[in-house]
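Student: sequence and computational prediction follow.
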Amino acid sequence: MSATLAAIEGSLNTIGFGVAAVGPGVGIGIIFGNGVQAIARQPEAAGLIRQNMLLGFAVVEALALMGFVLAFAI
């Protein structure tokens with residue numbers, strides 16, 4: 001009984017992380033989609049826009065990695 005419960009709990013953590021990964025995936029898509037549109041509208045500001053895009057990507061990806069670690073830590 002106890003082994004079955006542990007197996008179910010492990011599976012739920014993995015499924016929970018899979019569902020939680022949708023948020024950062026959507027966030028990264030929005031960041032890069034809007035960044036490309038901004039560069040297309042103002043090519044002279046491409047350096048600053050690219051810098052802000054990569055900073056936003058790093059923050060969103062860090063949240064996804066924290067969720068990955070927590071899925072296995074709990």
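Tutor: Great, that's in hand.
Student: mind listing what the spatially most central residue of the chain touches?
Tutor: Centroid check for the chain by Cα atoms, centre = their mean gives P24 as the closest residue, at 2.6 Å. Contact analysis of P24 by Cβ atoms under 8 Å, 6 or more residues apart in numbering lists V60, E61, L63, A64, G67. Yep, even glycine has a C-beta here, placed from its N, CA and C like the rest.
Student: could you report the distance from it to G67?
Tutor: Distance, P24 to G67, using Cβ to Cβ, to the nearest Å: 8 Å.
Student: any common contacting residues for these two?
Tutor: Joint contacts of P24 and G67 (Cβ under 8 Å, 6+ apart) do not exist.
Student: scan this protein for its longest helix.
Tutor: When the chain is parsed with DSSP state H, its longest helix is helix 46-73.
Student: give the buried residues for that helix.
Tutor: Buried residues in helix 46-73, counted by 16 or more other Cβ atoms under 10 Å: I49, M53, G56, F57, V60, A64, G67, A71.
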